[in-house]
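Trainee: Give me coordinates for this.
(one chain, ligands or ions: 1)
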Amino acid sequence: MIERTFVMIKPDGVKRGLIGEVIKRFEQAGLKIVGLKMYRMDKEEADEFYPADDEWFESVGNKTLSSYNELGIDAKKELGTDNPKEIGKMIKQWLLDYVSSGPVILMVLEGNHAIKKVRDMIGSTIPIKAQPGTIRGDFSVDSADWANIGKRAIMNIVHASDSQERAEYEIKFWFKENELYNYKRLEEYLL
Ligand code: TYD
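Mentor: Model (predicted):
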């Protein structure tokens with residue numbers, strides 16, 4: 001049940017002065033920070049970090065397509081294609097520009113069912129759809145149509161691992177073993 005997960009405060013979160021606010025929410029929820037650093041990645045590192053399989057491209061493309069459907073926007077007209085894989089590939093390039101555009105905060109959080117808990121706390125990928133109370137819902141009104149028109153990624157403040165497998169990969173990708181710490185939070189003494 002005790003899991004570790006990876007979280008990144010993206011350049012928009014850093015530049016908007018939301019580092020403390022984001023970290024505060026995780027700390028208050030009882031998640032333990034076991035690794036933390038600021039870093040400026042380049043595009044190649046970002047490319048290696050984000051997935052590159054067809055399933056991921058399609059999933060990203062389909063999120064944009066379902067958002068376009070809801071808004072009655074013609075994807076083919078706007079993006080030149082309505083193929084989810086092609087759209088996913090296009091978005092990945094914008095995403096790489098975005099996450100390498102400034103410093104980010106990299107962190108590893110540990111806690112009971114931490115992977116799902118953190119995903120719930122950050123909210124939906126597309127901020128306009130993210131519930132109030134979530135980080136993306138409370139601090140952004142960005143949307144797929146707005147981002148795509150500007151040929152840029154959606155600015156949604158944070159990234160968090162979405163599975164056990166991804167959490168393991170992402171933690172290892174950014175942190176050496178000796179950059180992760182074991183200690184007890186006060187409430188652990190109460191359990
Ligand atoms: P994804 O893995 O689908 O979402 P999440 O970050 O919630 O795990 O997408 C990765 C990132 O790609 C997302 O955080 C922002 C960017 N993105 C866009 O820029 N436009 C889009 O239409 C989508 C779906 C994602």
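Trainee: roughly how far apart are the residue lying farthest from the centre of the chain and the ligand?
Mentor: In terms of distance from the mean C-alpha position of the chain, L190 ranks first, at 32.0 Å (CA atoms, centre = their mean). Per CB to the nearest ligand atom, to the nearest Å, L190 is found 33 Å from the ligand. Heads up, the C-betas are built off the backbone N, CA and C, glycines and all.
Trainee: low-confidence ranges in the chain?
Mentor: For the chain, applying pLDDT under 70 flags no range at all.
Trainee: Strictly from the record, what residue spans define the domains of it?
Mentor: Taking automatic domain parsing as the domain assignment, the ranges for the chain are 1-40+102-191, 42-100.
Trainee: can you map out the strands along this structure?
Mentor: In the chain, strands defined by DSSP state E lie at 2-9, 32-39, 104-112, 158-160, listed in chain order.
Trainee: Would you mind listing the buried residues in the third one?
Mentor: Pointing back at strand 104-112 there. Neighbour counts using 16 or more other CB atoms under 10 Å place 104-111 of strand 104-112 among the buried residues.
Trainee: how about that strand, does it reach the ligand?
Mentor: No: using CB under 6 Å from any ligand atom, we find that strand 104-112 stays clear of the ligand, coming within 12.6 Å at best.
Trainee: Mind exporting the C-alpha coordinates of that strand to CSV?
Mentor: Extracted C-alpha coordinates of strand 104-112, given in CSV (Å, rounded to 0.1, in the frame of the first residue of the first chain):
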residue,chain,number,x,y,z
VAL,A,104,10.9,22.6,-13.0
ILE,A,105,10.6,21.1,-9.5
LEU,A,106,11.1,17.4,-9.4
MET,A,107,9.9,15.4,-6.4
VAL,A,108,9.2,12.0,-5.1
LEU,A,109,6.3,11.6,-2.7
GLU,A,110,5.7,8.5,-0.5
GLY,A,111,2.4,7.5,1.2
ASN,A,112,-0.5,5.2,1.4
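Trainee: Could you list the contact residues of the protein toward the ligand?
Mentor: If contact is defined as CB under 6 Å from any ligand atom, the residues of the chain in contact with the ligand are 59-60, 63-64, 91, 94-95, 125, 144, 147, 153-154, 156, 159, 162.
Trainee: center of the protein, which residue is that?
Mentor: Short answer for the chain (CA atoms, centre = their mean): H159, at 1.5 Å.
Trainee: If we ignore the residues flanking it in sequence, what's nearest that one?
Mentor: Residue nearest to H159 in three dimensions, not counting chain neighbours: M8, with 4.3 Å by CB to CB, 6 or more residues apart in numbering.
Trainee: Tell me which residues touch the one you found, please.
Mentor: Contacts were defined as CB atoms under 8 Å, 6 or more residues apart in numbering; by that measure M8 touches 99, 104-107, 158-160.
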